[in-house]
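# just a sequence and a predicted model for now, questions to come.
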Amino acid sequence: MGIQITGLRKSFAGKQVLAGVELSVAPGEFVAVLGANGSGKSTVLRCAVGLQRPDSGTVGIDGGAAMVFQQIHLVGRRSALDNVCSGALGRLKLRQSLLFGREIRREAMDCLDRVGLADRAADRAGRLSGGQQQRVAIARALCQRAKVILADEPVSALDPSAAEQVVALLASLAGEGLAVLAVLHQPELAQRFAHRIVGLHRGKVAFESAAGAMDSQAVSSLYEGAR
Ligand SMILES: Nc1ncnc2c1ncn2[C@@H]1O[C@H](COP(=O)(O)OP(=O)(O)OP(=O)(O)O)[C@@H](O)[C@H]1O
C-alpha cells in the first residue's frame, strides 16, 4: 500500500488550507509534490505523519513513515553514526537500546552506507556539508525502518549539485522498494528523478501526471495567482 491519503481537509482559524486532498504512493514509487508557497504541501505531509490532525480524511500508511525536513536538525557535535543511531531509538525501548547497542550501530552503519557516507561515519555531523548532512538525516530515517519516507523540501537549502545528489538518493531508495513522497520546489529535478508529479493548488490536487508527461504549463499555472 505505501501511503494512501483520501479526502484530507484542514482549516486553521476558519481558513481552509486543505480542501480534500487525494494522494497515494505505492511501494517502490517516488512521487514529487509541487506547489506555490501556502498551497498546503507541508500540511499534507504533517497530517500524513501525524504531526497535525486533519479535520477530516484518512491517511493509511503501511510499515511506518519517517520524515525528512529542509532544516536538518542533526546533533552537530556528535558523529554521523551517532546521529543515525538515534533513528533507531524511536522504535526501541530504553532497555532494548542498551542491550542491542552493537546491533544498532551495525544497522546504522548499513544505513550510512546506503546513503554513500560509510566513510564519514566517525566525522562530527556539524563538519559535513549541507548535502552530506541531509543524507545523514535520510540515513537516520532509514534507521527507523519505515517503509514510507516523507521529505518536506529536503533540498531547498542545498546548492544545485548537492540537491541533485539528494533527490537522486531518494529515487534510489524508491528503487529499493520504499514509498517516497517529497515536496520539491525544483520542477526539473522532479521531472528527472520522480516517477509521478502531483501539483497542489490552494489545498487541492490540481494535476497529477507521470514525470515523463509533465506539462510545464500546468506547472507554471501552480505558481500564478498563488495566495
Ligand atoms: N499551525 C498553523 N496555524 C495557522 N496557519 C497555518 C499553520 N500551518 C500552516 N498554516 C497556514 O496554512 C497555509 C499552508 O501552509 P503550508 O505550510 O502547508 O504551505 P506550503 O505549501 O508547504 O508552503 P511553503 O512552500 O511556503 O512551505 C499557509 O497559509 C500557512 O500560513
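Noted; the coordinates are in hand.
# wait, is L158 part of a strand?
No - applying DSSP: H, G, I helix; E, B strand; the rest coil, one finds L158 to be coil, outside a strand.
# residues in contact with it?
130-131, 134, 166 (C-beta atoms under 8 Å, 6 or more residues apart in numbering). Backbone N, C-alpha and C define where each C-beta goes, glycine included.
# distance of R106 relative to Q4?
33 Å (C-beta to C-beta, to the nearest Å).
# correct me if wrong: L173 contacts V180.
Yes - using C-beta atoms under 8 Å, L173 is in contact with V180, at 5.9 Å.
# R106 and Q4: who's more crowded?
Counted by other C-beta atoms under 10 Å, R106 and Q4 do not tie: Q4 has more neighbours, with 17 against 11.
# where does the more buried one land in three-state SS?
strand.
# show me what contacts it?
23-24, 58-60.
# buried ones among these?
Among the contacts of Q4, those scoring as buried are 23-24, 59 (criterion: 16 or more other C-beta atoms under 10 Å).
# tell me which of those is nearest to the ligand?
The nearest member of the buried ones among the contacts of Q4 to the ligand, counting by C-beta to the nearest ligand atom, is L23 at 13.5 Å.
# that closest one: which element?
strand 15-25 (DSSP states H and E).
# the helix or strand following that strand near the ligand at all?
Later in the chain than strand 15-25, the nearest helix or strand by DSSP H and E is strand 30-34. No - using C-beta under 6 Å from any ligand atom, we find that strand 30-34 stays clear of the ligand, coming within 8.6 Å at best.
# per-residue confidence at the residue nearest the centre of the chain?
By C-alpha atoms, centre = their mean, the chain has its centre lying nearest to A151, at 1.6 Å. Predicted confidence (pLDDT) for A151: 97.
# I'd say it and V180 touch.
Yes - with contact defined as C-beta under 8 Å, A151 counts as touching V180 (7.1 Å).
# got the domain boundaries for the protein?
1-64+146-227, 76-145 (automatic domain parsing).
# how distant is the longest one from the center of its chain?
By that I understand domain 1-64+146-227. In terms of C-alpha atoms, centre = their mean, to the nearest Å, the centre of domain 1-64+146-227 is set 9 Å apart from its chain centre.
# joint contacts of A151 and V180?
Joint contacts of A151 and V180 (C-beta under 8 Å, 6+ apart) are L170.
# next SSE after the worst-scoring helix or strand of the chain on mean pLDDT?
Least confident helix or strand of the chain, by mean pLDDT, DSSP states H and E, is helix 94-99 with a mean of 63. Next in sequence after helix 94-99, counting helices and strands by DSSP H and E, comes helix 101-114.
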